[in-house]
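S.K.: test case, fold it:
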Amino acid sequence: MIRLERILKYEFWPFWLFYVPCYVNWARLAIFARYTTYFTATNPIMNNSGALNVSKFDYLSKLPKKWIPTTVKIDASIDLNNLEAILKENGLDFPVIVKPDRGERGKGVQLVSSLLNLKEILSCTHYSDLLLQAYCSFPNEAGLLYYRFPNASKGIISSITTKEFCSVIGDGKSSWGKLIEQNIRVTHRIKLLKVRHADCWEHLSVVGEQKLIEPIGSHNLGTKFLSGQHLNSPELVACLDHWADQLPGFYYGRFDIKYVSWEALIEGRDFKIMEINGVNAEPTHIYDPGHNIKEAYRDIFYHMKVIHQISQQNRSLGIVPKRLKLFLAELIHTATH
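M.R.: Alright, predicted model coming up:
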């Protein structure tokens, strides 16, 4: 039954399948632009405008340090002594987040509880450059999709997504493992979760007790995405205009943030920007279970049109898209490494 639900609900479809109509729309826009890689002219600050093979650290480090969690970039082959020195030098205590510097869609993102655990991850990862990021315990997480045309002084927030971390609530009848297995959002990760939650897997759940399954706010890892469009406001737009002002050449992308309260965020306090995505950023409110597939494609196509319009304006200002041959070379390298 759960498997059938995942087939019927588009939010669980494989990325490549869900995006088939979008590839067709990209081809249409490419014809209008007369340039297949037109989108790479959208964000001059980012390699490929953020489409692929882009370093999160490069632009995250351009922001004021108080806005971001302590973040350091390391090579996966680093030895234990140097690793310990870097952690100490930057005041990083466990738990920490480890993520690929050039990853996407939550791949390779993990919460690490100890130095031994971190070394195990480094020894088996296929990524060469990794980020160690202080774990932010702020209770709320959101994705804010923002764009601004090159000839405009103010931007637009076109998508707000709030996140509900994946958890289960005890019923006093089933084991914690059984409840996790019955959660539609993580059925594809049961083997991993069984290892991670081995200490309680067979234990009888406690009535009313909530157990967090996954602390990482990624849809692929089980987090529920909810539309927060009603939270948009001129004050929030002004806030993101200020953020974007720190990144000259950034015109389209999503700020993934953690925050204490919406009121504090609007006032510019008690928040952390976890990462920024470029033209590969989805309007993730489309994965709200209350949305339908027609609305989802409508919103994706709208944002594809915005990317096309921004790139056209930038091209008129002399910004040249990346040549197709070079882009394909990076695409192949990214797909095979």
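
S.K.: any idea how far the longest helix seen in the chain is from the chain center?
M.R.: Secondary structure of the chain read by DSSP state H shows that its longest helix is helix 293-316. In terms of Cα atoms, centre = their mean, to the nearest Å, the centre of helix 293-316 is set 19 Å apart from its chain centre.

S.K.: now that helix: average pLDDT?
M.R.: Averaged across helix 293-316, pLDDT comes to 98.

S.K.: check which residues of that helix are buried.
M.R.: By neighbour count with 16 or more other Cβ atoms under 10 Å, helix 293-316 contains the buried residues 296-297, 299-300, 303-304, 306-315. For the C-beta atoms, the positions are set from N, CA and C on the backbone; glycine is no exception.

S.K.: and if you look at stretch 222-241?
M.R.: Applying a neighbour-count criterion of 16+ other Cβ under 10 Å, the buried positions in stretch 222-241 are 222-228, 231, 236-237, 239-241.

S.K.: looking at the buried residues of helix 293-316, which is nearest Thr40?
M.R.: Ser311 (7.7 Å; Cβ to Cβ).

S.K.: and the gap between the closest one and Thr71?
M.R.: In this structure, Ser311 lies at 29 Å from Thr71, with Cβ to Cβ, to the nearest Å as the measure.

S.K.: please apply the same query to Gln313.
M.R.: Gln313 sits 32 Å away from Thr71 when distances are taken as Cβ to Cβ.

S.K.: do Asp245 as well
M.R.: Between Asp245 and Thr71 the computed distance is 21 Å (Cβ to Cβ).

S.K.: more neighbours, these two?
M.R.: Taking neighbours as other Cβ atoms under 10 Å, Asp245 and Thr71 compare with Thr71 leading, 22 against 12.

S.K.: verify the stated contact: the more buried one with Tyr135.
M.R.: No - if you go by Cβ atoms under 8 Å, Thr71 and Tyr135 don't touch, sitting 11.4 Å apart.

S.K.: grab the nearest non-local neighbour of Glu235.
M.R.: Of all residues not flanking Glu235 in the chain, Ile266 sits nearest, at 4.9 Å (Cβ to Cβ, 6 or more residues apart in numbering).

S.K.: state the pLDDT value of that neighbour.
M.R.: Taken from the predicted model, the pLDDT recorded for Ile266 is 94.

S.K.: residues in contact with it?
M.R.: 233, 235-236, 239 (Cβ atoms under 8 Å, 6 or more residues apart in numbering).

S.K.: for it, phi and psi?
M.R.: The phi and psi torsions at Ile266 (degrees, to the nearest 10) take the values phi -60, psi -30.

S.K.: can you get me a residue count around Ser175?
M.R.: Counted with other Cβ under 10 Å, the burial measure for Ser175 works out to 15 neighbours.

S.K.: same question for Trp16.
M.R.: For Trp16, the count of nearby residues is 8 (other Cβ under 10 Å).

S.K.: next one: it from Ile286, what distance?
M.R.: Summarising the geometry, the distance separating Trp16 from Ile286, computed by Cβ to Cβ, is 16 Å.

S.K.: those strands in the stretch 101-250 of the chain, which residues are they?
M.R.: 110-112, 129-134, 140-147, 156-164, 167-169, 210-212, 224-227 (DSSP state E, counting those that start in this stretch).
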